[in-house]
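A.B. asks: structure for the following, please:
(one chain, ligands or ions: 1)
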Amino acid sequence: MKKILRKRLVQSSHDVEVQQKDPNSPLYSVRSFEQLNINHNLLKGVYAMGFNFPSKIQETALPALLADPPQNMIAQSQNGTGKTAAFILASLSRVDTSKPFPQVLILSPTYELAIQTANVAKQMGQYCQDIKFCLAIKGEGTHRGRKIKEQVIIGTPGKVMDWSLRYKLFDIQKINVYVLDEANVMIAIQGHHDQCIRVHKKLSKECQVMLFSATYDQEVMDFAEIIVPNPVVIRLRKEEESLENIKQFYVVCKSMDEKFSALSNIYGVISIGQAIVFCHTKKTASWLSEKLTKEGHAVALLSGNMSVSQRIAVLNRFRDGKEKVLITTNVCARGIDVEQVTVVVNFDLPVDQKGKADCETYLHRIGRTGRFGKIGLAINIIDGPRTTIFLKQIEDHFGRKILKLDAEDVDELEKLNKD
Ligand SMILES: Nc1ncnc2c1ncn2[C@@H]1O[C@H](COP(=O)(O)OP(=O)(O)OP(=O)(O)O)[C@@H](O)[C@H]1O
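C.D. replies: Predicted structure coming up:
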C-alpha cells in the first residue's frame, strides 16, 4: 500500500504546470501575473512565494477587483485553488501607505484561519514594507484606547466588532475593502452572520466588498446578492465543486474496533505525507488519539475545547511535520492549508443538524488535501446502514462515485492506481 500511495501521491510534481494549461482545470490561466496589472512590489512577493502563473480564480477575479472604480464581488472557487491569494492581492493593492489607519478589513471564521491568512498577506506584502498588518483575534489584546494605525486588519468577526463598534479603535467608515473569507459559513452561521452584518452596515457606500468561498448555499447566495451592491458573480456548477485530483474511497467496518484497525492500517501508509482524521465529536477525537498514541504513533489532537495558544501550537507542529497525523473535529474542516497533507480520513462522516450527510462540510474536509492541483486521497470509514446512506447522499450530491477500498486487501488497493 505504501508503494502504491507513494507512486500516486508523490510523483505528481509535473501536475501544476500541466493543469495550468488545461482549460478544464481550476488552475488554468491564459495570462501571467504581469498581465494582471499588479503593483511591482506585490508581484515580487508573489514570485518569492513560488507562484509562477495565476490560477483560474486569480486570473478571473483580479481584473475586476483591481478595476477603477472598484467592483464588488461574490466569488466561488474550489478548495485549494488560490482564493486567499486572490483577495489578498486585491486588498493590498488598494492600501494607501501614506495613511496610518485601517483601510482593509478581512474576516475569517476561525482564529487559526485568520492567522494563516495574515501570514499569507505578510508574505505577499514582504516587499511593501510600509504596509502594516494587525490581527484581531482572541488573545490579541490592544491597549484600551490605542487607536489602530496598521492599514490591514485580519480577524474574526467578534473581535473585529468589539474593536470597531465597541471600543472604536478604528474608524470603520475609512475601510475601503471589506472581505468575507469562507463567506458561506460567515453568512450561514447565526453568530457570525449577525456580527458580519453589523460591521457591514457601518461601512461607507464606496467600500469595496468581496465574498470568497468554495461553496454557497442558495439562501446565502440570495442574501449575499442583496447585501453586496452590483457584484461581479463568479460561480461554479455543482459538478465542478469537487476536485478531480482528490480520489475518494470508502472502507466498510463493523465495529469501533474495526474502524480503529482500518485507521491503523491507513496510518501505516502515511509516513510519506501527512494526514488529517476527522471525527464527529471531541470525545471520539480524544479517544482515538489516546488509542493511537498508546500504540506508539505520533499523533496530534486539535479540538474546540483547547485554548487559543494550544490550538495554534498544535497546528504549527503539524505544519512543521513534527506529527504526521492530525486528529480533529470540524473545527479544522475549512481553509487550513497544509500543503503536504496527502490523505484525509473521515473516521466519521459529517452529519448536519437535520441528521443528513453534510455535503458542504464533506467537501471542505476533503479539500484539506489535494491543495493547488496536488493528488490527494480521501478515505471514508463506513460502519452500518446509516453511514452507507450518508455516503450515497454525498455521491448523489456531487455526482461522483466513491470507490470501495479494502484496507486489508492489496489487490483492492491497486484500485488507487487506476483512477
Ligand atoms: N498561483 C499560484 N501558484 C502556485 N501556488 C499557489 C498559487 N495560488 C495559491 N497557491 C498555493 O495553493 C495553496 C492553496 O491556496 P489557498 O489557500 O489560497 O486556496 P483557497 O482556494 O483559499 O482554499 P480553501 O478553499 O481551502 O480556503 C496554497 O498553499 C497557496 O500557497
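A.B. asks: residues of this protein that sit close to the ligand?
C.D. replies: Taking Cβ under 6 Å from any ligand atom as the contact definition, the chain meets the ligand at 51, 54-55, 58, 77, 79-85, 214, 335, 337, 339, 367, 371-372. C-beta coordinates here come from the backbone N, C-alpha and C atoms, glycine included.
A.B. asks: let me see the contact set for the residue nearest to I189 when sequence neighbours are not counted.
C.D. replies: Leaving aside its sequence neighbours, I189 sits nearest to P109 (Cβ to Cβ, 6 or more residues apart in numbering; 7.4 Å). Residues in contact with P109, defined by Cβ atoms under 8 Å, 6 or more residues apart in numbering, are 156-157, 181-182, 185-186, 189, 192, 334-335.
A.B. asks: rewinding a little: now list the buried members of the residues of the chain next to the ligand.
C.D. replies: With neighbours counted by 16 or more other Cβ atoms under 10 Å, the residues of the chain next to the ligand contain buried members at 51, 54-55, 58, 77, 79-85, 214, 335, 337, 367, 371-372.
A.B. asks: which parts of the stretch 201-350 of the chain are strands?
C.D. replies: 208-213, 231-234, 246-252, 274-278, 299-302, 325-328, 341-346 (DSSP state E, counting those that start in this stretch).
A.B. asks: among those, which is nearest T97?
C.D. replies: Closest approach to T97 among those (Cβ to Cβ): strand 208-213, 17.8 Å.
A.B. asks: what sits up against that closest one?
C.D. replies: Contacts of strand 208-213 (Cβ under 8 Å, 6+ apart): 65, 70-77, 83-84, 86-87, 90-91, 94, 176-185, 200, 203, 224, 227-229, 231.
A.B. asks: pLDDT wise, what is the residue nearest to I189 at?
C.D. replies: Here the pLDDT value assigned to P109 is 92.
A.B. asks: mind checking how far it is from the ligand?
C.D. replies: According to Cβ to the nearest ligand atom, to the nearest Å, P109 and the ligand sit 11 Å apart.
A.B. asks: again, but for L391
C.D. replies: Distance from L391 to the ligand, by Cβ to the nearest ligand atom: 22 Å.
A.B. asks: quick check: closest non-adjacent residue to the closest residue to the ligand within the stretch 301-419 of the chain.
C.D. replies: Residue of the stretch 301-419 of the chain nearest the ligand, by Cβ to the nearest ligand atom: F372 (3.3 Å). For F372, ignoring the flanking residues on the chain, the nearest one in space by Cβ to Cβ, 6+ apart is G80 at 5.5 Å.
A.B. asks: the residue of the stretch 301-419 of the chain closest to the ligand contacts T81, doesn't it?
C.D. replies: Yes: if you go by Cβ atoms under 8 Å, F372 and T81 touch, sitting 6.9 Å apart.
A.B. asks: what's the overlap in contacts for these two?
C.D. replies: 27, 55.
A.B. asks: which ones are touching K322?
C.D. replies: Neighbour list for K322: 298, 300 [criterion: Cβ under 8 Å, 6+ apart].
A.B. asks: do you know the pLDDT at it?
C.D. replies: Confidence score, pLDDT, at K322: 92.
A.B. asks: next one: S204
C.D. replies: Looking at S204, its pLDDT reads 94.
A.B. asks: what's the local residue count around it?
C.D. replies: Number of residues near S204 (other Cβ atoms under 10 Å) recorded here: 12.
A.B. asks: distance of it from M210?
C.D. replies: 15 Å (Cβ to Cβ, to the nearest Å).
A.B. asks: quick check: buried residues in the helix or strand D194 falls within?
C.D. replies: In this assignment (DSSP states H and E), D194 forms part of helix 190-202. Using 16+ other Cβ under 10 Å as the test for burial, helix 190-202 gives 192-193, 195-196, 199-200.
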